[in-house]
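Visitor: With the input below, show me the fold.
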Amino acid sequence: MNQSELKFPLVWKGRLIVQADAEGTEDEIARAFACLGLSDGTVGTGSVSSKGSYRSWSVQATVPDLVTLRSLFKILESLPKVKMLI
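Guide: Model (predicted):
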């Protein structure tokens, strides 16, 4: 990721694909935002896969710098039962 191409602060929007049977995902995402001081972070549920195996979560936050952005990615990707961060 080239920092010279990003202008901070920036509004980051992403999507987590999580196993549908995962519990507490919304709380875990909120804790990640709080841990990084991202007070405006939002979480919304998305659709469930056709077989019901996965659920998507939309996430958004204003990120002040590249270090925080990378930390956010690392935390979200390490949440239980996360398949993918887009």
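Visitor: ok, which stretches of the chain are helices?
Guide: Using DSSP state H, the helices found in the chain span residues 25-35, 66-77.
Visitor: now these in a markdown table, with mean neighbour count and distance to Arg15?
Guide: In short, each C-beta sits where N, CA and C put it, glycine included. Below are these laid out as a markdown table (neighbours: other Cβ atoms under 10 Å; distance: least, Cβ to Cβ, whole Å):
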| stretch | mean neighbour count | distance to Arg15 |
| --- | --- | --- |
| helix 25-35 | 16 | 11 |
| helix 66-77 | 16 | 10 |
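Visitor: closest to Val11 out of these?
Guide: Closest approach to Val11 among those (Cβ to Cβ): helix 66-77, 11.3 Å.
Visitor: what's the closest one packed up against?
Guide: strand 10-19, helix 25-35, strand 54-63, strand 82-85 (3 or more Cβ pairs under 8 Å, 6 or more residues apart in numbering; DSSP states H and E).
Visitor: mind giving me JSON lines with these and columns for mean pLDDT and distance to Leu76?
Guide: Below are these laid out as JSON lines (pLDDT from 0 to 100; distance: least, Cβ to Cβ, whole Å):
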{"stretch": "strand 10-19", "mean pLDDT": "98", "distance to Leu76": "6"}
{"stretch": "helix 25-35", "mean pLDDT": "97", "distance to Leu76": "6"}
{"stretch": "strand 54-63", "mean pLDDT": "98", "distance to Leu76": "7"}
{"stretch": "strand 82-85", "mean pLDDT": "98", "distance to Leu76": "5"}
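Visitor: would you list those in CSV and tack on distance to Gly44?
Guide: CSV is the format used below for the helices and strands packed on helix 66-77 (distance: least, Cβ to Cβ, whole Å):
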stretch, distance to Gly44
strand 10-19, 10
helix 25-35, 9
strand 54-63, 5
strand 82-85, 15
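Visitor: picking up where we left off before, would you turn the helices of the chain into CSV with distance to Lys83?
Guide: Converted to CSV, the helices of the chain look like this (distance: least, Cβ to Cβ, whole Å):
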stretch, distance to Lys83
helix 25-35, 12
helix 66-77, 10
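Visitor: dump the residue contacts of Leu85.
Guide: Counting by Cβ atoms under 8 Å, 6 or more residues apart in numbering, Leu85 makes contact with Gly14, Arg15, Leu16, Ile17, Phe73, Leu76, Glu77.
Visitor: Good, we can wrap up now.
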